[in-house]
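# pasting the sequence and the predicted coordinates here, then a few questions.
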Amino acid sequence: MSAAHHDHADAGGLPHSHKKAYIRLGVLLTVVTAIELGLPFLKAYPDIWMPFEPVWAPLLVALSVFKFGAVVGEFMHLRGDRRIFQFLFLSPLAIAVIIFLLLGALTVSLFLPFGEGIAVTAIDVKAGYVRPTKSSGAEPPLAEDKFKAAFADAKAKNFEAGKAAYDKVCKACHGDKGEGKAALGFNLTDDCYKYGGTFKDLYVTVADGRAGNKMPAQAGALKSEEIRQVVYYIRSLKGTNVPGGQPCVGDKVAD
């Protein structure tokens with residue numbers, strides 16, 4: 001009989017019961033799994049989701065690693081086993097972490113603009129968008145000199161497409177009329193822009209979000225054309241100064 005086996009026997013040579021320990025572990029794993037499954041539903045509550053958005057993905061990874069370690073530590077007894085078995089059970093954890101990091105990097109590369117002046121979202125890629133090259137002669141999605149004509153066209157259509165996109169992803173934090181919400185979204189109806197008020201500035205803000213700010217990236221929720229339309233709508237709100245708006249944040253833009 002091995003020394004490891006003797007560790008599970010009492011003074012009379014009878015085996016200990018692990019029933020209570022297994023029940024505790026089962027309850028703990030159930031709670032952790034419930035948290036993992038419940039976190040995505042917090043998106044329906046922007047007041048809770050937005051302030052802690054950078055935390056959710058690392059938290060899910062940490063919970064997964066904890067579950068793996070708890071199961072292996074309790075049922076596999078790896079600590080007293082040979083190194084080869086430790087390697088066989090711990091190496092999948094390392095592989096899973098590497099895969100997670102690689103997929104995360106791939107997701108970022110799809111959801112962020114493809115370089116200077118080219119703003120394409122993941123939805124565009126799935127729809128078959130091909131990135132234009134210098135030799136293709138293709139017009140990149142962001143063309144500053146086209147803005148005024150496109151803005152005028154959107155205005156003639158009463159900014160309907162932009163308003164629809166705004167209601168879909170912006171209203172929860174910036175208010176029904178763009179007045180802003182305390183601790184959530186800036187006032188979009190004043191003359192102030194913290195990150196610049198040009199078409200390209202606004203596009204990048206909507207598509208990529210802003211680091212260190214509560215503004216999340218919307219490139220995973222909107223097509224590039226929808227982002228352009230919402231930018232036209234946001235620019236149409238400039239200077240309307242609706243009652244009850246949040247205080248000015250950033251620099252005032254004249255035009």
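On my side now, so go ahead.
# what's the mean pLDDT across whatever helix or strand D201 lives in?
For D201, the host element (DSSP states H and E) is helix 199-208. Helix 199-208 carries an average pLDDT of 84.
# name the helices or strands packed onto it?
helix 224-237 (3 or more C-beta pairs under 8 Å, 6 or more residues apart in numbering; DSSP states H and E). Glycine gets a C-beta too; all of them are placed from N, C-alpha and C.
# list the helices and strands whichever helix or strand comes after the helix it packs on packs on?
Per DSSP H and E, helix 224-237 leads on to strand 251-252 as the next helix or strand towards the C-terminus. When contacts are defined as 3+ C-beta pairs under 8 Å, 6+ apart, strand 251-252 sits against strand 192-193.
# any idea of the mean pLDDT in the strand it packs on?
Summarised as a single mean, pLDDT over strand 192-193 is 89.
# measure stretch 163-181 end to end?
18 Å (C-alpha to C-alpha, to the nearest Å).
# report the rounded mean pLDDT for it.
Rounded mean pLDDT across stretch 163-181 is 93.
# neighbouring contacts of it?
With contact meaning C-beta atoms under 8 Å, 6 or more residues apart in numbering, stretch 163-181 is reached by 46, 50, 184-189, 214, 218, 221-222, 226-227, 229-230, 233-234, 237, 240, 242-246.
# please redo it, this time with the cut-off set to 6 Å
46, 184-189, 218, 221-222, 226, 229-230, 233, 237, 242, 244-246 (C-beta atoms under 6 Å, 6 or more residues apart in numbering).
# also stretch 48-64?
V32, E36, L39, L42, K43, K214, P216.
# need the max-distance pair from these.
By the measure C-beta to C-beta, V32 and K214 form the most distant pair in the contacts of stretch 48-64, at 27.4 Å.
# before we move on, back to that, now which of the contacts of stretch 163-181 would you call buried?
With burial judged by 16 or more other C-beta atoms under 10 Å, the buried subset of the contacts of stretch 163-181 is 46, 184-189, 218, 221-222, 226, 229-230, 233, 237, 242, 245-246.
# how many other residues sit next to A172?
Residues near A172, counting by other C-beta atoms under 10 Å, number 18.
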